[in-house]
Every structure is written in structure tokens, then in C-alpha cells.
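Quick one: sequence plus predicted model below, questions after.
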Amino acid sequence: MKAGIPYSCLTAGLYLFAAICPASSAAENSGNPVGHWISVDFVQYVEDFQPGKKTYQGDLYLKDVEFSPGGKTSISNTWKDQSVFDQSGQFYARFYIHTIDGVDYLFLPWLSGDVTLRGQEPWYYVLQRNPAGNLLPEETASRIREEFRNISPVGQWISVDFVERMEDFQPGKQRTGRKLHLQNFEFMPGGKTSLLFTWRDNWIMDRKAKARFYIKTIDGIDYLFLPWLSGDTARGQKPRFYVLTRAPLETIVPEQPKTRTAFKEIVSIDSVAEYDDVRWKNLSRCNSTRIAKVLWTLNFNSDTVWPDPNEFPSLKQPDKILKDAMNPGLRIRDLHARGVTGKGVNVAIIDQPLYLNHPEYAGKIVSYFDTGCQSDSSMHGPGVTSLLVGAQCGAAPDAKVYYAAAPSWKKDAAFYAKAIDWIIEQNEQLPAHEKIRVVSVSAAPSGKGSPFDSNTGQWDQACA
């Protein structure tokens, strides 16, 4: 360690970080951070910053930050003296303001989960002081104050977009380019919502974070800007916004029973062989004797169409085979009969993305977190969840699930480490009798024989 280099400490005596002095052309000062700052770079060390040259290759997630008098910021961090604190107040690190060629730069340590949970050194956002001083030009701020109204949010809302900033929203144009994870949302009188969030006044809250929501009237239409309180928000990142419009009155009706239709089009076939996949196939033209001989080798489902069982009684077996396959075995059904059903037990699953409306586990997913799958379902995740809490085939049908979706196909263990971080965060919020007791991971993100080729060390640190 170089002599004379100051240190900054992350609390609880856990970690010690070296704060590297910048180049000699820069002068450190203890200037007042109050005001609006605009991000220009993201660097591992303060000395890496080169004015006028952005060295970070990706987009800057933190676009700007505002320090307010009294210790608040526009993100979930707080500040005091020359230190910035995470939301819990348990971890902090020193920030620096350096004047380089007459320009003030703020070096803001980023207290992510890698820092607070895994002990890594923080990287620094480099921000330049906004000469205007305000978060928004006065003309824009005035217009926004006029457009936002104190309107009751109570009622059902339908999602139309997901934006990084409210000003990014353009009516009639969806910026995300993909299906929105949150399809609708309901505010209820008394502070409840259709999700695990609660609300009061103009604030939406979970157990660890809160943010203000806004209702803006554009061309006579009310738009709700709902901040999405994800695990990233709890770690200090600014929330993005779901944009929703009020649901038309004609859509607010009790859900009616739906006529079941096949997931895929039923295709007729004329013959069948051992180990054929006959899901969503019509076998009524096939030889019944042949079907009976190979029945136990076939891959079929409840949408498979069979020949008339009255003409060939042995073909009554498919229903029995399906029913038997739903039995978890090991005399688990005997335990169910004695009341041992997993009731009161919370389990976490890290697996591929989950189709949330499957009837086998509907209503049993307490919370769902997508680490970066950008997909709505998979083969493996629903299977694992059904085997655990499925109504017909589950070993513990009354247990509840906290589900973290991770893209195993990317072979990047960072997504799995992020999932562990999220599970830990959820568990910290739960009372003692509701703690998550088991974590299911159908993967090997590190270790001998692991198929993962990126960030395996992050998984090891997350599990340590």
C-alpha cells in the first residue's frame, strides 16, 4: 500500500478499502455535494478516470444523482460528511469531489451487493456537477408540476410500457420491445395492492424500500408511473417505472371459467412406434393392438387423443398411467393424510424462468425475481416447482415458494449469485417463523465439472 493514501471503511469492521488518490492534475476538495450531478464514467479506481474520455464500455446505469441538504439523495443512499451510506445504514464508503481543469467531479462509490454482501471493493461512478444546479431545467420542472395531479390511484391499471425515466415515456409507443412482465396492477382502499407492495399517500412500499409513484394526465388520459421495487432498488439503484393506464370499466369483471383448449394444435398420425412422442397427437387412426404393445414407452399427455377404449379396453390405461405418475411415491401421500403437507414452510427455488399461471402451483409463488432471463417460461422451472408444491404431484403441496429465475443457458454464474443475494434479502425481511428454510438449485455454477464458464467465483462468494 502506498504511503500517504487515505482509507475509507465499510462499517461493521468487515472490510477496509483503499481510496486511491487521483492524478496530480486533480485537486481534492471537501466541497459541498448538494446539487445535481450527471454521470460521465464508471471506473474501478479513482485514478483510472480521464476527463473527456469514457472508459466504461457499457451503458451507465446510474444516469444522475442529486444530493439534498440533510443527508438525502435521489437514490436510496444517504450521506453525511464525506461518506455515502447504503439503505440499511450498515455499510458506507467515502466519496470524493475533485476539481480537474476547473470542473468539479464527484467520485461516488457504488454500494452494490458485490460490495455489501460479498466484500468486493466498490467501483466509482464519476459524475460532473450540473451547472444548472437543478435536477431538471426550470421550464421542464414547471411543466411536469402542472401535468402531475393528486389523483387517487385506487382501481385497476393495465401496463403499457417500462421505462428508465418518466420523461422517456411516449404515449402510443412501447420502448421495451418485448412482453411486459407486469401485465396489470390494482390499488385497493386501505393501502393494499394486488402484489406484495403496500401504498400510502403517493408512496409505494415493500419491506425494504419505498419510492414515490406519480399519476400524469396526457391528452386526457391518466398514466400511472409505478416505480418497480426490485432487489436492485434495495441495493441502491434508482427504480425504473412501469407505465400503466386505467383499466376500462368493461374489463373489470369477475374472471369466468375458461374452456380448456390444447396448448398446441392436435395433429393426426397413422402409426406409432416405441418411445414416440405423441403429446398433442391424435392416434385414433392408429392400430390399437400396436398402441397397447408400446403404450408404456410412449411420451404422452392429457391432450393425446386415443382410439375408442370401448373397442379396446386396455387403452383405458393412459389415464391410470398419468394418475400414477402424479404420485410422488415414497409413501408421501401417507404423510399428507397425516397433515404433513409443508404448510408454514417457505422454500426458495433458483431455476429457469417460470410460467406463473400454471394451475398446478397457482397461488403458491410468494415472490418472483427475474435475474435477466427475458423469457416468460421454460421446461425445467415449472417441472421443479410442480414436483415441490404441485396440487396433484407435489411432495409439499402447502409450502410457499420464493422463485428466482436465472438464465442457465448463458453459463454465467453471476446470475445465480444475484439470485442468492435476492433470497438473502427476502429472508432478512421475514419474521423468524417465516424464514426460508431450503434453497433448491438445479445447477452447478462452480466446482469440478461445472458447465459455467463465467463468474464462478461470485457464486462461491455468495454461498460463503
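Perfect, I can see it now. Numbers count the residues shown, from 1 in each chain.

Show which residues not belonging to the longest helix along the chain make contact with it.
The helix that spans the most residues within the chain, counting by DSSP state H, is helix 413-429. The contact list for helix 413-429 (CB atoms under 8 Å, 6 or more residues apart in numbering) reads 113, 117-118, 206-208, 231, 234-235, 348, 350, 367, 369, 371-372, 402, 404, 406-407, 435-436, 439, 441, 443, 445-446, 452, 454-459, 461-463. Quick note: C-beta positions are derived from backbone N, CA and C, even for glycine.

now do 7 Å
For helix 413-429, contacts defined as CB atoms under 7 Å, 6 or more residues apart in numbering pick out 113, 117, 207-208, 231, 234, 348, 350, 367, 369, 371-372, 402, 404, 406-407, 435-436, 439, 443, 445-446, 452, 454-456, 458-459, 462-463.

Just name whatever secondary elements the host helix or strand of Y403 is in contact with.
Taking DSSP states H and E as the definition, one finds Y403 inside strand 400-405. Judged by 3 or more CB pairs under 7 Å, 6 or more residues apart in numbering; DSSP states H and E, strand 400-405 is in contact with strand 346-351, strand 365-370, helix 380-389, helix 413-429.

neighbouring strands for that strand, and are they parallel or not?
strand 346-351 (parallel), strand 365-370 (parallel) (DSSP bridges).

From what I see, D412 and N455 are in contact.
Yes - D412 lies in contact with N455 (CB atoms under 7 Å); the separation is 5.8 Å.

Going by neighbour count, list what's buried in stretch 425-441.
E425, Q426, N427, I436, V439, V441 (16 or more other CB atoms under 10 Å).

let me fix that: stretch 353-362
Buried-residue list, stretch 353-362, by 16+ other CB under 10 Å: P353, L354, H358, E360, Y361.

okay, how far is it across it, tip to tip?
End-to-end span of stretch 353-362 (CA to CA, to the nearest Å): 15 Å.

cool, stretch 151-165 as well?
Note: stretch 151-165 ends 21 Å apart using CA to CA.

E121: neighbour count?
17 (other CB atoms under 10 Å).

What are the buried residues along stretch 198-218?
Across stretch 198-218, burial judged by 16+ other CB under 10 Å covers 198-199, 204-206, 208-211, 213-216.

quick one: average confidence on that stretch?
Mean per-residue pLDDT for stretch 198-218: 83.

And the contacts of that stretch?
Everything outside stretch 198-218 that qualifies as a contact, by CB under 7 Å, 6+ apart, is 76, 87, 147-149, 151, 153, 166, 171, 187, 191-193, 196-197, 222-227, 229, 233-234, 239, 425, 429.

How many neighbouring residues does G52 have?
9.

should've said A464
8.

contacting residues for the nearest residue to it once chain neighbours are set aside?
Distances taken as CB to CB, 6 or more residues apart in numbering place R118 nearest to A464, at 8.0 Å, with adjacent residues excluded. Residues near R118 by CB under 7 Å, 6+ apart: Q458, Q461, A462.

What does the second one show for phi and psi?
Yep, that's Q461 we're talking about. Backbone torsions for Q461, taken as degrees, to the nearest 10, come to phi -70, psi -40.

got a pLDDT number for it?
90.

Pull the number of nearby residues for it.
Count around Q461 with other CB under 10 Å applied: 17.

Chain neighbours aside, what residue packs nearest to it?
Closest to Q461 by CB to CB, 6+ apart is R118, at 4.2 Å.

my guess is S39 meets D64, correct?
Yes - if you go by CB under 7 Å, S39 and D64 touch, sitting 6.2 Å apart.

Return the distance of the strand holding Y403 from the chain's centre.
How far strand 400-405 lies from its chain's middle: 11 Å, per CA atoms, centre = their mean, to the nearest Å.

So Y125 is in contact with L111, correct?
No - using CB under 7 Å, Y125 is not in contact with L111; the gap is 10.9 Å.

Point out where the stretch 51-200 of the chain drops to low pLDDT.
For the stretch 51-200 of the chain, the stretches with pLDDT under 70 are 132-150, 175-179.

ok, which stretches of it are strands?
64-67, 78-80, 83-85, 92-94, 96-100, 103-109, 124-129, 155-163, 184-187, 198-200 (DSSP state E, counting those that start in this stretch).

Could you write out the alpha-carbon coordinates of stretch 75-91 in CSV?
Coordinates of the C-alpha atoms in stretch 75-91 are reproduced here as CSV (Å, rounded to 0.1, in the frame of the first residue of the first chain):
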residue,chain,number,x,y,z
ILE,A,75,-31.3,7.3,-4.9
SER,A,76,-31.8,5.1,-1.8
ASN,A,77,-28.4,6.1,-0.4
THR,A,78,-28.0,8.7,2.3
TRP,A,79,-24.9,10.9,3.0
LYS,A,80,-23.2,12.5,5.9
ASP,A,81,-19.9,14.5,5.9
GLN,A,82,-17.9,12.8,3.1
SER,A,83,-19.5,9.4,3.3
VAL,A,84,-22.3,7.7,1.5
PHE,A,85,-24.4,5.0,3.2
ASP,A,86,-26.4,2.2,1.8
GLN,A,87,-30.2,1.9,2.6
SER,A,88,-29.7,-0.2,5.7
GLY,A,89,-27.2,2.3,7.1
GLN,A,90,-24.9,-0.6,7.9
PHE,A,91,-22.4,0.0,5.1
